[in-house]
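J.: sequence and predicted structure, then a few things I'm wondering about:
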Amino acid sequence: MMARMQPATDDIRSMVGMWRQMLRIRRFDEAASRLLRSGQMPGVLHLTTGQEAVVAGSSAAMGPDDLLIGTHRNHGYPIARGGDLGPLMAEVLGKATGVCQGRGGEMHLIDPSVGAFFSSAILGSGLPVAVGTALTSQLQRSGRVTLATFGDGASNEGAIHESMNLAAIWKLPIVFLCENNGYAVTVAASYAVSVHDIADRAAAYGMPGAVADGSDPVAVREAVGAARDRAGAGQGPSLVEAKTYRTVDHAENLPSQPYRPEEEVASWRERDPITSFRGRLLAAGHATAGELDKIEQEVGEEVAAAVEFACDSPFPAPAALWEHMYADPSLNRPAASLSWP
Amino acid sequence: MMARMQPATDDIRSMVGMWRQMLRIRRFDEAASRLLRSGQMPGVLHLTTGQEAVVAGSSAAMGPDDLLIGTHRNHGYPIARGGDLGPLMAEVLGKATGVCQGRGGEMHLIDPSVGAFFSSAILGSGLPVAVGTALTSQLQRSGRVTLATFGDGASNEGAIHESMNLAAIWKLPIVFLCENNGYAVTVAASYAVSVHDIADRAAAYGMPGAVADGSDPVAVREAVGAARDRAGAGQGPSLVEAKTYRTVDHAENLPSQPYRPEEEVASWRERDPITSFRGRLLAAGHATAGELDKIEQEVGEEVAAAVEFACDSPFPAPAALWEHMYADPSLNRPAASLSWP
Amino acid sequence: MRELTYLAAIREALIEEMTDDDAVILLGQDIRANLYGTAGFLDMFPEERIRDLPTSETACVGAAVGAAMTGLRPVVDMGSASFSFVALDQFISEVSKIHYMSAGRLKVPVTYRIPLMYNGGVGVQHSDRPYPMFMQMPGLKLICPTTASDAKAMMKAAIRDDDPVIVFEDTYNWSSRGPVADPPAPAPIGTAAIVREGDDVTVVGIGRTVAFALAAAGELADAGVSAEVIDLRSLAPIDWDTIFGSVEKTGRLVVADAAVSTCSAASEIAATVAEHRFEALRAPVRRVTSLPVHSPYTPALEREIYPDAGKITAAVRSVAKQASHGH
Amino acid sequence: MRELTYLAAIREALIEEMTDDDAVILLGQDIRANLYGTAGFLDMFPEERIRDLPTSETACVGAAVGAAMTGLRPVVDMGSASFSFVALDQFISEVSKIHYMSAGRLKVPVTYRIPLMYNGGVGVQHSDRPYPMFMQMPGLKLICPTTASDAKAMMKAAIRDDDPVIVFEDTYNWSSRGPVADPPAPAPIGTAAIVREGDDVTVVGIGRTVAFALAAAGELADAGVSAEVIDLRSLAPIDWDTIFGSVEKTGRLVVADAAVSTCSAASEIAATVAEHRFEALRAPVRRVTSLPVHSPYTPALEREIYPDAGKITAAVRSVAKQASHGH
Ligand SMILES: Cc1ncc(C[n+]2csc(CCOP(=O)(O)OP(=O)(O)O)c2C)c(N)n1
Ligand SMILES: Cc1ncc(C[n+]2csc(CCOP(=O)(O)OP(=O)(O)O)c2C)c(N)n1
Ligand SMILES: [Mg+2]
Ligand SMILES: [Mg+2]
């Protein structure tokens, strides 16, 4: 297993630490994309590109024992929480050393060891599960808070409504975070969502709702942090909506037609959150250019090592197919009496 | 088939007309309940008792060509729209002359000929269908508005959220009417619903929400009427919440344990909507006691005739089992080659 | 031995498991006032472990999964099979898949009670018997105990199981009584029970059709046909060894299943026997299932559509009277 | 004759039906920008008839029902089979039941396109083949055309049908080309097609397994085994006469089905033949289905779980080599 390449000073909650996490996500996704284009992985890739500030800011806001439950676009969370890139990249490639031994794949990058607990790729379908992890926290009085993320598209799924109501009536320790990137594949939120601010839907459940600038990790950290504190104090759930944008396509390797104005994409690309946050760190004296360049280099090396680890790892052996269907391993294979002569 | 017993002067939209409809519902339900207790019908009975003002008021607010889509508790709508009681009672008894030839039963009392178009007994499940009937109205520019009803319990189903959002983004001609009777079987809305007024959830879809006194048919008619006019004018959906109470159990013939304070039930029974609206009609001079007594008698006779019609009607013949599975009748029976020797 | 109703046996199982393990919690619509086994639990256990659910089945089915993944052992009462439909995605996409897709990093020790209510005049939308739908989801364990003793033993086993288990309760059996030892006779998930031995025809029953099969077997015995009756009891995994062993002896198979025939448990058993024990079969397999229609409300029609003792008897006769072919 | 891809054939069917009948509307997530058959429709038809859907499958499946009940003929693109799960209640409780429960007063002429995407590395939650689940719902018509010609003919028939029809599209076939006459050769819903005649073994395929069965048949022919291949094409109703006729000739049956075996279409066909044409069978029926696991993401494992030509060949050999028994 690879060595962690982060010096202890880069606490993920710090300003520079958040920037490092954003960069780790970006570089990881770029590398994954290269692997896809060179035919080294199956399927499609749902990149976080453009949305890193939401991920880094919210991950920084959550406590060390908190639980994060995500969506099909989940590369960022295990990374921003400080997870090892090697097993994450190996999962993208479907390798035996992947975080889910290649079973889950790129829509299910998780790392429970850093709190990136679970993700579901059926829209809205992960939120009920997140309500349940919060229920355990409440019953066990563990102080753990769940962060449940979902997109603007998913905000229209019935599961979201039910989950918010259930969390509200039970005052569960959970923060709902809507990553509103303006689109569900090609369908604009301005068309598909009947309110301007999804955060306003919080009122339908008697919970606070807040809008945060999703290009600013600090703003996200503050908003999610306030909601987390409220939840941790037993005051129940909140909804935070981070306005963001994916500056890449919905997924790499899916056919696509134009569906959004080029200028819109260009204007968001210009305001790239990683570049602009870098500027802010320098301007405010949080770091020198040299320090940030060094982080760039470290991250580059870390990602390169992760790619190497992933590429060098073996695929699961054919017999592994039968593993993990049941917690009781004796059931994984069908009864012997069902084999053909 | 029975003759309609309503004189034309008793327009269902008039004050006296609404009272007549409330009475028809009450007496119909009482008769059905007697039939159940005497073992003449299967299953259970979801009575409208206590909620008649919501049904009569909203039915009066809708236009003659409008479409009503209801729930498991749907006895009232086909009645309040002026439907024939005979085929409705026959349906309750599972007779061949019932509105759905005994297929649907007491949770599916409909009468499309008076606009009581359809009802679904799976909570929330009828609302998507109602959105679709409104879509047809919009595309056909027919001017027909759909009224979709649901309970406080159903308000927590995901289907409701999705339906409201869809209706809102398409500006469909539909009125959502929540009959909040305070309970879903034994579970109190004050526990299960995370907002005080379900009408407040309208804001989550950018549509108007209004609360109406569900014991007052006039208040309901006004609120639903305003929403209907808005929908008919192409301005999209609204949500009306009528606060009401069922003064009987969730369903007749279901085992039950106490779940609500006796005083609560008693206080609502005292304020019975039929009795109090009668008082109001008399006080305001809409009718004389003699006229209302006459209506009581007419309704009594109408219900008695409906019971007689229903009891005298035959059950469907065994071969009817195979009817109506498909619009194409040749498919109703399995292929001949599938019969045993 | 003392006798209990099926429901009282389940109640005992729940009380014992809740007493033994604080991680066991009970969730259900109307569960606090529930007459079907959980009334009065509030006096025995802390409120927070007995939770009434709002009518939000998707959120509730999923919440139980999340709770199970993090250390609780929830038991969820779904009320009636037809109410589980609005939450099917949670069963398919989450309950059945999480263990596999996380390569075993996440475990889901959750139990769902799904009562099967039918032939009770509750109509088209409330009378489904959808266990074959759940049989199509790999990763689940599915049981349908028939006796009070099995109900207790299997409910306890379900709660202790580290995999998700769904308990289908044929409500016809709820009020039936039977002996329940303490502890109850073991009935491991994955095993069927031979409830009557016989030589001529194997009859496999599920839920209430077991009683019908036993009634049929009694009648057939008078006519000189010896039927062996198997209570399937576990729908996933299925106890193929018991079924195959019986068919090897009798050479004939009838499966009674209250689901609609197409892609039913009966179809699965018939197909599997025809595939793996073809040589043993001396007559066509027969499925006694519901007719391929929805459940009509009217009792005049509804009672006709389900399997009953008469239909099972006729099916057994139709194969028993066939000359033995041998292969 | 001109050749079209399967997708182009569906596109033609949609254009023709939309042109013929203003009541036909198209609904789907991303349908306006959809590359899978509907791109450019906005230039041909009024905007209000081509509607992008929000990701609210329950509302959208149901809205199509309501629209169909009141005079429209909606065609809904579900995107992928796995996305239909969140809306299953609408299919079970509304789509399949409304006609029956209203005693035919309400008709539901709606068409759903459900693409089957699997073996494409999209993982556990996105790769299901759930048509057997829909086969359990009485009241639906279900088709799975395999050729471009059938895709056009059956899509048109589906849209014109007064009952609800679900079109399962095995996306493996989307880019396959074939001759499409104008009008296309008839392929009525409820009929199967014998796509290769043979004498020794009947092989029934569904979706892409038809191509695998044909490949297997070619290979088997070289080895002296003559396989008859049937494209099932209609999952409900099933064309039993064609299947029974073939089995009466060959005496042997192999069914290939990409669903997981338990309660699959393959199980239904195997069971029905073993029940109704037992005397014709001279060897065990064989199901070639997916292994009983979820679809893993990694291609190293995923490709192993589905039926393929090699597995079909092996199954045919295993029954063809059995000595003829006769009954
Ligand atoms: C229930 C369901 N419907 C459809 C899809 C297909 N799908 C995958 S991602 C996606 C877009 C989701 O949009 P959003 O929630 O805004 O998340 P984003 O992709 O923008 O991060 C869609 C429609 C799905 N996975 N699940
Ligand atoms: C999806 C679903 N869950 C549960 C039920 C069982 N059920 C029938 S009526 C009812 C209570 C509904 O409460 P509400 O919506 O307030 O309507 P009310 O009965 O008060 O008129 C319940 C839980 C159902 N029919 N459908
Ligand atoms: Mg989005
Ligand atoms: Mg209520």
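T.: Sure, I can see it. Ligands and ions are numbered 1, 2, ... in the order given.
J.: surely C:Val288 and C:Ala265 touch.
T.: No. If you go by CB atoms under 8 Å, C:Val288 and C:Ala265 don't touch, sitting 11.8 Å apart. For the C-beta atoms, the positions are set from N, CA and C on the backbone; glycine is no exception.
J.: relative to chain B, how far out is the closest residue to ligand 1 within chain A?
T.: Closest approach between chain A and ligand 1, counting by CB to the nearest ligand atom: A:Gly151, at 2.3 Å. Distance from A:Gly151 to chain B, counting by CB to the nearest CB, to the nearest Å: 14 Å.
J.: tell me, what's touching C:Val288 and C:Ala265 both at once?
T.: C:255, C:257 (CB atoms under 8 Å, 6 or more residues apart in numbering or on different chains).
J.: can you tell me the closest non-neighbouring residue to C:Ala193?
T.: Using CB to CB, 6 or more residues apart in numbering or on different chains and skipping residues adjacent in sequence, the residue nearest C:Ala193 is C:Asp231, 4.6 Å away.
J.: what's the burial count for the closest residue in space to C:Met137 that isn't next to it in sequence?
T.: Closest residue in space to C:Met137, ignoring its immediate chain neighbours: C:Ser96 at 4.2 Å, by CB to CB, 6+ apart. By other CB atoms under 10 Å in any protein chain shown, 24 other residues sit near C:Ser96.
J.: now for C:Ser96: which residues touch it?
T.: Contacts of C:Ser96 by CB under 8 Å, 6+ apart are C:137-140, C:164, D:294.
J.: and what of C:Thr202?
T.: C:227-228, C:230, C:243, C:246-247, C:249-250, C:252-254.
J.: that's a helix at it, yeah?
T.: No. Assessed by DSSP: H, G, I helix; E, B strand; the rest coil, C:Thr202 does not belong to a helix; its assignment is strand.
J.: number of nearby residues for the nearest residue to it once chain neighbours are set aside?
T.: Spatial nearest neighbour of C:Thr202, chain neighbours left out: C:Ser246 (4.2 Å); criterion: CB to CB, 6+ apart. Here the count is done by other CB under 10 Å, and C:Ser246 has 27 residues near it.
J.: quick check: C:Ser246 touching C:Ala192?
T.: No. At 9.1 Å, C:Ser246 does not count as touching C:Ala192 under the criterion of CB under 8 Å.
J.: give me the common contacts of the two.
T.: Joint contacts of C:Ser246 and C:Ala192 (CB under 8 Å, 6+ apart) are C:Ile230.
J.: all strands of the chain, in order?
T.: Went with chain A since none was named. A:67-70, A:116-119, A:146-151, A:174-180, A:183-184, A:187-188, A:209-213, A:238-243 (DSSP state E).
J.: correction: the question concerned chain C.
T.: Using DSSP E, strands in chain C cover C:3-5, C:24-28, C:50-52, C:73-77, C:111-116, C:141-143, C:165-170, C:177-179, C:193-196, C:201-205, C:227-231, C:234-236, C:253-260, C:286-290.
J.: output the ones you listed in TSV; the columns should cover mean pLDDT and distance to A:Leu321.
T.: Shown next, in TSV, are these (pLDDT from 0 to 100; distance: least, CB to CB, whole Å):
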stretch	mean pLDDT	distance to A:Leu321
strand C:3-5	97	44
strand C:24-28	97	33
strand C:50-52	96	38
strand C:73-77	98	29
strand C:111-116	98	27
strand C:141-143	98	20
strand C:165-170	98	24
strand C:177-179	98	42
strand C:193-196	98	32
strand C:201-205	98	30
strand C:227-231	98	31
strand C:234-236	98	19
strand C:253-260	98	30
strand C:286-290	98	32
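J.: which non-adjacent residue is nearest residue 185?
T.: If you meant another chain, say so; for now it's chain A. A:His250 (4.6 Å).
J.: wrong chain, I was asking about chain C
T.: In space, C:Ala185 is closest to C:Ser149, 5.5 Å off (CB to CB, 6+ apart).
J.: what about that neighbour, neighbour count?
T.: 23.
J.: now swap in A:Ser58 and tell me
T.: The burial count for A:Ser58: 30, using other CB under 10 Å.
J.: my read is that it contacts A:Val224, right?
T.: Yes. Counting by CB under 8 Å, A:Val224 is a contact partner of A:Ser58 at 4.4 Å.
J.: where do the contact lists of those two overlap?
T.: By CB under 8 Å, 6+ apart, the residues touching both A:Ser58 and A:Val224 are A:147, A:177, A:240.
J.: in the stretch 101-250 of chain A, what residue lies closest to ligand 4?
T.: Relative to ligand 4, the nearest point of the stretch 101-250 of chain A is A:Asn165 (15.0 Å; CB to the ion).
J.: quick one: that residue and A:Ala227, what's the gap?
T.: Going from A:Asn165 to A:Ala227 by CB to CB, to the nearest Å gives 17 Å.
J.: what's near enough to touch the residue of the stretch 51-200 of chain C found nearest ligand 1?
T.: Ligand 1 sits closest to C:Asp89 of the stretch 51-200 of chain C, with a gap of 7.4 Å, by CB to the nearest ligand atom. C:Asp89 makes contact with A:122, A:125, A:159, C:58, D:85-86, D:88 under the criterion CB under 8 Å, 6+ apart.
J.: for these, which one is nearest C:Gly66?
T.: C:Gly66 lies nearest to A:Ser125 out of the contacts of C:Asp89, by CB to CB, at 11.5 Å.
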